[in-house]
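S.K.: model this:
(2 chains)
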2 protein chains.
Amino acid sequence: MSGIERPAPPSPLSPSARLLLGPGPSDVHPRVLAALGLPLLGHMDPEFIALMDETQNLLRYVFQTENRLTLAVSGTGSAGMEAVVVNLIEPGDSMLVCVNGVFGSRMVDVAERAGAKVTVIERPYGEVFDPEEVRAAVKRVGPKVVGIVHAETSTGAWQPVEEIARIAHEAGAFIAIDAVTSLGGVPVKIDEWGIDAVYSGTQKCLSCPPGLSPVSFSPRAAELIANRKTKVQSWYLDMSMIQKYWGSDRVYHHTAPISMNFAFREALALVVEEGLEARHARHALNANALKAGLAAMGIGLVTVAGHQLPQLTCAQIPDGIDDMAVRRRLLNDWGIEVGGGLGSLKGKAWRIGLMGHNSRQANVTLLLAALETCLRDLGSALAPGAGLAAASEIYRQAQKSTSN
Amino acid sequence: MSGIERPAPPSPLSPSARLLLGPGPSDVHPRVLAALGLPLLGHMDPEFIALMDETQNLLRYVFQTENRLTLAVSGTGSAGMEAVVVNLIEPGDSMLVCVNGVFGSRMVDVAERAGAKVTVIERPYGEVFDPEEVRAAVKRVGPKVVGIVHAETSTGAWQPVEEIARIAHEAGAFIAIDAVTSLGGVPVKIDEWGIDAVYSGTQKCLSCPPGLSPVSFSPRAAELIANRKTKVQSWYLDMSMIQKYWGSDRVYHHTAPISMNFAFREALALVVEEGLEARHARHALNANALKAGLAAMGIGLVTVAGHQLPQLTCAQIPDGIDDMAVRRRLLNDWGIEVGGGLGSLKGKAWRIGLMGHNSRQANVTLLLAALETCLRDLGSALAPGAGLAAASEIYRQAQKSTSN
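M.R.: The predicted structure is shown next:
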């Protein structure tokens, strides 16, 4: 046989400039890009081993935890979700999953594939759970694990989890949370809240490319994993083996994604340099300006008041406005990516991310200006500059309160 | 509570210069590093979608296949192994695994976790399987899937698989191969050989960082996956969902590791520019020079003659020489990483990789010179320059035969 013929070499890689204001990935900080482009070390090199230790130490601060079992899984956030579920769950175990968006539903699917008997409680997209309804379900089901999404990337809903963790513990259950979109944008206090297992992603408020999933397990969860009766169904995500590579044994498991770990360490270093409080305050300020601007333009939000994530604003598309026409124009004319709606919100919502490095006044201003231009051109009766003026007022007030 | 205190920011990331001549990762080509450091596109951006199409097209050439289901799994090579196994196997299915090294053993573990009834046939480390012994086992077991490692990274053994694929097909079984270390270094002819499923890694002969696993499934394997009775146990690795993102549907599954996909496309472009035949010839020539040099220094090989991978030479550590003393010196004095033995070869073998971009005369020369210096200093009675002279003679002959 002659085989498959050699194709023409592709043209040089030259992606257009983008401003990633969707639900993630967000733009990567230049220092993180530089770290990504460094020549490699081997995955058993003493310098790489030292880097892993440093990374764990930085990550413990970002997760606000002393958990020994704190590391980066070698896959994206969904791999982290799967790692948490398959390590805690053995076939036949009961799991209660709280679903108010796409990522809660995904957790149900992952848990069922792990052999869990899953009970679901639901809230409409854009709402959050009241601890009392979780308490009632926990009482009814007696689950081994309660799973809930801290920051629902499909709706922008910000779920308080501290009280729910208490409820789970009082019933002897473990609590696992999805912090993919929350980490680095709003407080995630693993130890103070008593969270047993958490997974996140690198490509949201940490301003690192997608490819790793930071996870952390409480000592109680680590003990559960150590005492399993069955092997974890995923070899790749088996924490009992992975922790021997990240721990003092340094037993080879799989080849770590070296470059992504370089980038991740740099991204964590940036969070440490800024400090969590300052970082959260920055996210809050820019979100307030964006929301004020949208409100002044007559654009409502999907998410209930009081539970809107600052890093991800889920805006209702105004009546009569074509979702794709606006998003295509934003992308083509300004290079701005904004996310569309997922699941039941498809065509009805825009998901606007101001995450990590991207949470900046310049980005808020450009987005509002571009959106106003788009909507005006599409025939919407906007007061010119109303959005920009409202956002600007938020920054003026913030400056005044800082200088006082 | 006061929370976890902010640690001191770490010092700037500044890895020492390394020449990665172990079993992988290998050094990344500068053009691939540059691609890695490019600003991101979103994972649903039309330009990224186009890049995925291009990547699949380039990858089909490298795998020598027309398989539609050819793409990069978002994890390292071991995730690719798991993806192949969990998609082909349903609980209770029979799988025959041929084990002659660490990665064959890993496949057994992965298959058992997927619920397969696994039958193992074994060969000592450094040897390969004879098709007839596989035929006997296939006859005895009647497996649904036969799994075998094409290039055993733990021993440097190069397993012929074409005849074994025929044997599997004659018995109505599927054949899955591990091509983590082979792809880009020696021929991997998926269609001509009739391979049903293959996984590889990016960090070996493709000179790209670790983090993705190229896979390909034959139409027959794709049909098997489409007609499964049970869901794939891994949500993250479920090819029936992943192919909807890579295929024309473009349904969001998980956020692709954007930067790694940039790098992978560039790495594949480099293979296409060089051409597979030239690339394989380059690997063969440099391996021949290395082996001639080692032989002249009195260093034998672990792998049986006739089945030694050119990209990975598994050398026996001479009697009385301390493994770690040599490897530490190579790393500290010359920045050269060479791999140690795995499993039963621990302390007994060095694994020397000349993979992808690293398969060059300069690297062969430097390694032999450094190794000679180390061994002489450790009291070995080497003829000075014997290794270098033997290697040099190989290059001289090659040059002569080219100019004729």
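S.K.: Next, residue A:336: phi, psi?
M.R.: phi -90, psi 130 (degrees, to the nearest 10).
S.K.: mind checking how far the residue lying closest to it once chain neighbours are set aside is from chain B?
M.R.: Spatial nearest neighbour of residue A:336, chain neighbours left out: residue A:330 (4.4 Å); criterion: Cβ to Cβ, 6 or more residues apart in numbering or on different chains. Any C-beta I mention is one placed from the backbone N, CA and C, and that applies to glycine too. Note on residue A:330: its distance to chain B, by Cβ to the nearest Cβ, to the nearest Å, is 12 Å.
S.K.: With residue A:22 instead?
M.R.: Residue A:22 is 6 Å from chain B, by Cβ to the nearest Cβ.
S.K.: With residue A:182 instead?
M.R.: For residue A:182, the distance to chain B - Cβ to the nearest Cβ - is 16 Å.
S.K.: Pull the contacting residues for that residue.
M.R.: For residue A:182, the contacting residues are A:150-151, A:158, A:188, A:200, A:205, A:309, A:311, by Cβ atoms under 8 Å, 6 or more residues apart in numbering or on different chains.
S.K.: Can you tell me which of the residues you listed comes closest to chain B?
M.R.: residue A:188 (11.0 Å; Cβ to the nearest Cβ).
S.K.: from what I can see that closest one touches residue A:63, true?
M.R.: Yes - under the criterion of Cβ atoms under 8 Å, residue A:188 makes contact with residue A:63 at 6.2 Å.
S.K.: quick one, what contacts the closest residue to chain B within chain A?
M.R.: At 3.2 Å from chain B, residue A:37 is the closest residue in chain A, using Cβ to the nearest Cβ. Neighbour list for residue A:37: A:259, B:33-34, B:36-37 [criterion: Cβ under 8 Å, 6+ apart].
S.K.: Report pLDDT for the residue nearest to it when sequence neighbours are not counted.
M.R.: Leaving out its chain neighbours, the residue that sits closest to residue A:37 by Cβ to Cβ, 6+ apart is residue B:37, at 3.2 Å. As predicted, residue B:37 sits at a pLDDT of 97.
S.K.: Go through stretch A:147-155 and flag the buried ones.
M.R.: Buried positions in stretch A:147-155, judged by neighbour count with 16 or more other Cβ atoms under 10 Å in any protein chain shown: A:147-155.
S.K.: sorry, back to before: more neighbours: which of residue A:188 and residue A:63?
M.R.: residue A:188 (26 against 23; other Cβ atoms under 10 Å in any protein chain shown).
S.K.: secondary structure element for that one?
M.R.: Following DSSP states H and E, one finds residue A:188 outside all helices and strands.
S.K.: Backbone dihedrals for residue A:313, please?
M.R.: According to degrees, to the nearest 10, residue A:313 has phi -100, psi 120.
S.K.: Correct me if wrong: it contacts residue A:291.
M.R.: Yes - with contacts counted by Cβ under 8 Å, residue A:313 reaches residue A:291, the gap being 6.3 Å.
S.K.: for the one helix or strand residue A:164 maps to, packing partners?
M.R.: Remark: residue A:164 resides in helix A:162-170, with elements defined by DSSP H and E. Using 3 or more Cβ pairs under 8 Å, 6 or more residues apart in numbering or on different chains; DSSP states H and E, the elements in contact with helix A:162-170 are helix A:131-141, strand A:145-149, strand A:174-178, helix A:190-193.
S.K.: List the contacts of residue A:296.
M.R.: Contacts of residue A:296 by Cβ under 8 Å, 6+ apart are A:383, A:386-387, A:389-391.
S.K.: coming back round to it: and the helices and strands packed on helix A:162-170: which comes nearest residue A:24?
M.R.: Of all those, it is strand A:174-178 that lies closest to residue A:24, at 13.1 Å by Cβ to Cβ.
S.K.: Contacts (any at all) between chain B and that closest one?
M.R.: No - judged by Cβ under 8 Å from any Cβ of the partner chain, strand A:174-178 stays clear of chain B, getting no closer than 13.3 Å.
S.K.: Now do that strand, average pLDDT.
M.R.: 98.
S.K.: And for stretch A:385-404?
M.R.: Per-residue scores along stretch A:385-404 average to 93.
S.K.: What ranges does the stretch 301-404 of chain A have for its strands?
M.R.: A:312-316, A:336-337, A:339-340, A:349-353 (DSSP state E, counting those that start in this stretch).
S.K.: Contacts for the second one next, please.
M.R.: With Cβ under 8 Å, 6+ apart as the contact definition, strand A:336-337 has outside contacts at A:18-22, A:330-331, A:366-367, A:370, B:42, B:45.
S.K.: at 10 Å what do you get?
M.R.: A:18-23, A:25-27, A:327, A:329-331, A:352-353, A:363, A:366-367, A:370-371, A:374, B:40-45 (Cβ atoms under 10 Å, 6 or more residues apart in numbering or on different chains).
S.K.: helices and strands around the strand or helix carrying residue A:271, which ones?
M.R.: Element membership for residue A:271 (DSSP H and E) is helix A:258-274. The contact analysis (3 or more Cβ pairs under 10 Å, 6 or more residues apart in numbering or on different chains; DSSP states H and E) places helix A:258-274 against helix A:30-36, helix A:46-63, strand A:69-73, helix A:276-296, helix B:30-36, helix B:258-274.
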